[in-house]
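Visitor: Quick one: sequence plus predicted model below, questions after.
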Amino acid sequence: MRRGHDAPITIFYVYADTDEDLRQQLDLHLALLKRQGVLTSWQESLAGALWEQEREQAFIEASADSAVGECRFLASDVCYQEQMQRALERQKRGEVQVLPILVRPCRRDECPVYASADGADKWKQ
C-alpha cells in the first residue's frame, strides 16, 4: 500500500538501445513498486510518427531519470553527450533526480552522472 496520496515517481530510462534487455530486467525488479503505485515508467514504442514528440514529453515530465550505465551507455554519443547531459542539467535546476544504475562493471571514475550521485564514492571499483 502507498503512504499518503503522493503522485507516483515517473522514471524515464536513459540507456543504449543495445541494452534494452537490461532495461527490461530492471523493470521486472521494479514491478512490485509499480503495482503499489509508488512509481511508473515510460515505455518506449518505436511505432508511430509521434514517437520523438512522445519521448521528449516523457523526458520533460519525468520526476526521475535513470541512467542505466555500462560500457555501451558510456560509448554512445547519444546517451553520453545528449541524454545524460540534459538529465544532469535538469537535476541542477531541481527538476528531476538522476539515478545512476550500474548494470555491468565499467570504468566510470570521470563520468559526470556517477560523480554527481550521492554516495558515488561507495560505488567505485
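Guide: Yep, it's here. Numbering: from 1, shown residues only.

Visitor: For the rest of this, base every contact and every neighbour count on C-alpha atoms.
Guide: Will do.

Visitor: show me where the chain has helices.
Guide: 20-29, 31-35, 51-61, 71-75, 77, 84-92, 112-115 (DSSP state H).

Visitor: Serialize those to CSV and add fields for mean neighbour count, distance to P100 and mean pLDDT.
Guide: Listed next are the helices of the chain as CSV, based on neighbours: other CA atoms under 10 Å; distance: least, CA to CA, whole Å; pLDDT from 0 to 100:
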stretch, mean neighbour count, distance to P100, mean pLDDT
helix 20-29, 13, 12, 87
helix 31-35, 14, 18, 92
helix 51-61, 15, 16, 76
helix 71-75, 17, 11, 78
helix 77, 13, 17, 84
helix 84-92, 17, 10, 87
helix 112-115, 18, 6, 61
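
Visitor: Adding distance to W42, write those helices out as a markdown table.
Guide: Formatted as a markdown table, these follow (distance: least, CA to CA, whole Å):
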| stretch | distance to W42 |
| --- | --- |
| helix 20-29 | 11 |
| helix 31-35 | 12 |
| helix 51-61 | 7 |
| helix 71-75 | 19 |
| helix 77 | 22 |
| helix 84-92 | 15 |
| helix 112-115 | 20 |
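
Visitor: right, and the ones you listed - which one's nearest V14?
Guide: With CA to CA as the criterion, V14 lies closest to helix 84-92 of those, at 7.2 Å.
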